[in-house]
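**Student:** fold the following and give me the result.
(one chain, ligands or ions: 1)
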Amino acid sequence: MYNVEEIRKDFPILGREVYGRPLVYLDNGATTQKPRCVVEAMTDEYYNVNANVHRGVHFLSQQATELHEAARETVRRFLNARSTAEIIFTRGTTESINLVASCFGEACMREGDEVIVSQMEHHANIVSWQLVQARRGIRLRVIPMNDRGELLLDEYERLFNDRTRIVAVTHVSNVLGTVNPVRRMIETAHAYGVPVLVDGAQAVPHMPVDVQALGADFYAFSGHKVYGPTGVGVLYGKEEWLDRLPPYMGGGEMIDHVSFERTTFAPLPLKFEAGTPDYVATTGLARALDYVSRLGMDQIQAHEQQLTRYALERLRQIPGMRILGSAAEHDAVVSFLVGDIHHLDLGTLLDRQGIAVRTGHHCAEPLMRRLGVEGTVRASFGLYNTQAEVDALVEGIERAAAMF
Ligand code: C6P
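**Tutor:** Numbers count the residues shown, from 1 in each chain. Below you'll find the model as predicted:
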């Protein structure tokens with residue numbers, strides 16, 4: 001049994017008030033709240049274990065290293081990767097994508113080569129490729145979408161040609177909630193001999209992800225969006241691809257031997273992990289993944305899907321409501337506008353009622369342009385949200401709309 005009221009007790013922040021009203025936190029797409037066990041594991045490591053990893057012979061360093069490498073194994077299991085060599089710790093999705101764009105761009109792309117991205121990408125998966133474009137003269141090709149917010153797969157297939165080097169696509173849109181058919185898209189790309197990077201920032205917190213079943217060559221996500229700490233994320237990469245790529249940054253940890261004449265690099269995954277990692281955050285991330293695994297990703301998904309259906313049903317009844325995105329496969333994100341009320345005004349009025357939503361372009365300006373809007377209000381659900389909170393959102397919107 002999924003007992004959301006019991007689950008909420010694990011998240012102290014959910015008990016607080018803002019402006020004298022109970023907090024209704026519906027900005028989980030931006031970041032999620034942390035269960036007590038995550039914060040306690042990190043506090044415990046700072047109080048009792050803290051030492052730099054991979055370097056010291058002393059007891060604490062070895063213990064910290066064990067925790068850090070155990071966290072890598074937890075991530076491996078969570079994603080069902082083949083080996084811990086395929087799990088690179090980064091600062092988050094943004095850094096994971098930049099790592100692939102930069103290293104893959106350098107090793108595998110030349111002037112005139114192409115990367116396929118989609119109309120609904122987050123800036124992280126657009127701008128990182130534009131940096132490669134500036135350096136190496138590559139081209140971005142864009143998969144279009146229909147008005148429901150679904151990618152056009154026929155058009156996608158038409159984008160492949162002999163200059164296509166990689167596909168970089170989001171698993172779930174942070175604005176529309178569309179769940180893209182990435183498995184099918186990967187099969188298509190592989191039929192053309194092209195690898196695929198999947199931006200899993202908005203997928204990993206909401207559904208079971210199996211990188212081997214998907215066939216993804218690279219898969220990126222952020223710890224803080226899956227109830228873990230900020231400042232840590234993951235890049236999964238197939239070993240054969242990671243082996244082919246040059247290091248991203250130079251420094252300690254990532255080397256084998258260094259001389260002024262010649263340096264050799266450490267084996268995977270350390271080749272991509274220059275400098276002291278946030279080893280306390282990796283412990284926190286592992287604890288968060290254990291936490292969601294214990295609840296069950298299937299159960300979390302079922303709970304959030306039910307909540308999203310309920311929210312869509314209720315929101316649609318509000319006069320003047322325009323919901324952006326109605327893809328058949330829809331995740332726990334709802335973007336909307338009401339009448340001609342500016343998204344920022346609506347967000348501010350909701351905030352005054354204790355309801356936290358996000359407003360603006362959500363780091364997806366090209367998508368906003370396609371939708372013909374400047375921004376939206378976005379409610380994004382997490383494993384601890386309730387129907388009562390959806391009701392509060394609906395009533396909050398009605399109250400705000402009545403003021404206009
Ligand atoms: N989206 C949102 O409110 P970082 O900042 O590295 O943890 O994640 C970047 C990122 C990449 N891809 C997708 C699909 C995302 O949604 C995000 C982060 C947040 O929608 C902040 S803009």
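**Student:** please list all residues in contact with the residue in the stretch 251-400 of the chain positioned nearest to the ligand.
**Tutor:** Of all residues in the stretch 251-400 of the chain, Cys363 sits closest to the ligand, at 3.8 Å by C-beta to the nearest ligand atom. (Glycine included, C-beta is placed from N, CA and C.) When contacts are counted by C-beta atoms under 8 Å, 6 or more residues apart in numbering, Cys363 touches His122, His123, Ala124, Asn174.
**Student:** one more pass at 6 Å, please.
**Tutor:** The neighbourhood of Cys363, defined by C-beta atoms under 6 Å, 6 or more residues apart in numbering, consists of His122, His123.
**Student:** check which helix or strand it maps to.
**Tutor:** Taking DSSP states H and E as the definition, Cys363 sits outside all helices and strands.
**Student:** look up how far Pro195 lies from it.
**Tutor:** Cys363 sits at a distance of 25 Å from Pro195 (criterion: C-beta to C-beta, to the nearest Å).
**Student:** for the residue nearest the centre of the chain, which non-adjacent residue is spatially closest?
**Tutor:** Per C-alpha atoms, centre = their mean, the C-alpha nearest to the average position across the chain is that of Ala201, at 0.9 Å. In this structure, Ala201 finds its nearest non-sequential neighbour in Thr93, 4.2 Å apart by C-beta to C-beta, 6 or more residues apart in numbering.
**Student:** my guess is Ala400 contacts Thr348, does it?
**Tutor:** No - proximity of Ala400 to Thr348 does not meet the contact threshold set by C-beta atoms under 6 Å, at 8.7 Å.
**Student:** looking at the two, which is more packed in?
**Tutor:** Taking other C-beta atoms under 10 Å, Ala400 and Thr348 do not tie; Ala400 has more neighbours (21 against 12).
**Student:** enumerate the residues of the stretch 1-150 of the chain near the ligand.
**Tutor:** Within the stretch 1-150 of the chain, the positions lying close to the ligand (C-beta under 6 Å from any ligand atom) are Gly29, Ala30, Gly92, Thr93, Thr94, His122, Ala124.
**Student:** is it possible to get JSON lines of these that adds distance to Arg55, secondary structure and neighbour count?
**Tutor:** Below are those laid out as JSON lines (distance: C-beta to C-beta, whole Å; DSSP: H, G, I helix; E, B strand; the rest coil; neighbours: other C-beta atoms under 10 Å):
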{"residue": "Gly29", "distance to Arg55": "37", "secondary structure": "coil", "neighbour count": "28"}
{"residue": "Ala30", "distance to Arg55": "35", "secondary structure": "coil", "neighbour count": "15"}
{"residue": "Gly92", "distance to Arg55": "24", "secondary structure": "coil", "neighbour count": "22"}
{"residue": "Thr93", "distance to Arg55": "28", "secondary structure": "helix", "neighbour count": "26"}
{"residue": "Thr94", "distance to Arg55": "27", "secondary structure": "helix", "neighbour count": "21"}
{"residue": "His122", "distance to Arg55": "35", "secondary structure": "coil", "neighbour count": "21"}
{"residue": "Ala124", "distance to Arg55": "31", "secondary structure": "helix", "neighbour count": "24"}
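**Student:** can you tell me which of these is closest to Leu337?
**Tutor:** Top of the list for closeness to Leu337, among these and by C-beta to C-beta, is Gly29 at 16.9 Å.
**Student:** burial count for the residue lying closest to the closest one once chain neighbours are set aside?
**Tutor:** Closest residue in space to Gly29, ignoring its immediate chain neighbours: Ser380 at 3.3 Å, by C-beta to C-beta, 6+ apart. Counted by other C-beta under 10 Å, the residues lying close to Ser380 total 29.
**Student:** list phi and psi for Ser380.
**Tutor:** The phi/psi pair for Ser380 (degrees, to the nearest 10) reads phi -130, psi 130.
**Student:** and it, what pLDDT?
**Tutor:** In the prediction, the pLDDT value recorded for Ser380 is 98.
**Student:** specify the residue positioned farthest from the middle of the protein.
**Tutor:** Glu261 (40.0 Å).
**Student:** hang on, that one in a helix?
**Tutor:** No - in this structure, Glu261 is coil, not part of a helix, as judged by DSSP: H, G, I helix; E, B strand; the rest coil.
**Student:** mind listing what Gln97 touches?
**Tutor:** Let me fix one detail, which is that residue 97 is Ile and not Gln. Remark: with contacts taken as C-beta under 6 Å, 6+ apart, Ile97 is in contact with Ala124, Asn125, Ser128, Ala220.
**Student:** per-domain residue ranges of the protein.
**Tutor:** Taking automatic domain parsing as the reference, the chain has its domains at 4-30+296-402, 39-294.
**Student:** endpoints of the last one, how far apart?
**Tutor:** Think domain 39-294. Across domain 39-294, the straight-line distance between its terminal residues is 17 Å, by C-alpha to C-alpha, to the nearest Å.
**Student:** equivalent analysis for stretch 357-374, please.
**Tutor:** Taking C-alpha to C-alpha, the first and last residues of stretch 357-374 lie 17 Å apart.
**Student:** surely Gly396 is in contact with Ile355?
**Tutor:** Yes - shown here, Gly396 and Ile355 form a contact pair, counting by C-beta under 6 Å, at 4.9 Å.
**Student:** mind checking which of the two has more residues around it?
**Tutor:** Summary of the neighbour comparison: Gly396 and Ile355, criterion other C-beta under 10 Å, with Ile355 having more neighbours (25 against 22).
**Student:** show the contacting residues for that one.
**Tutor:** Listed by C-beta under 6 Å, 6+ apart, the contact set of Ile355 reads Val24, Leu393, Gly396.
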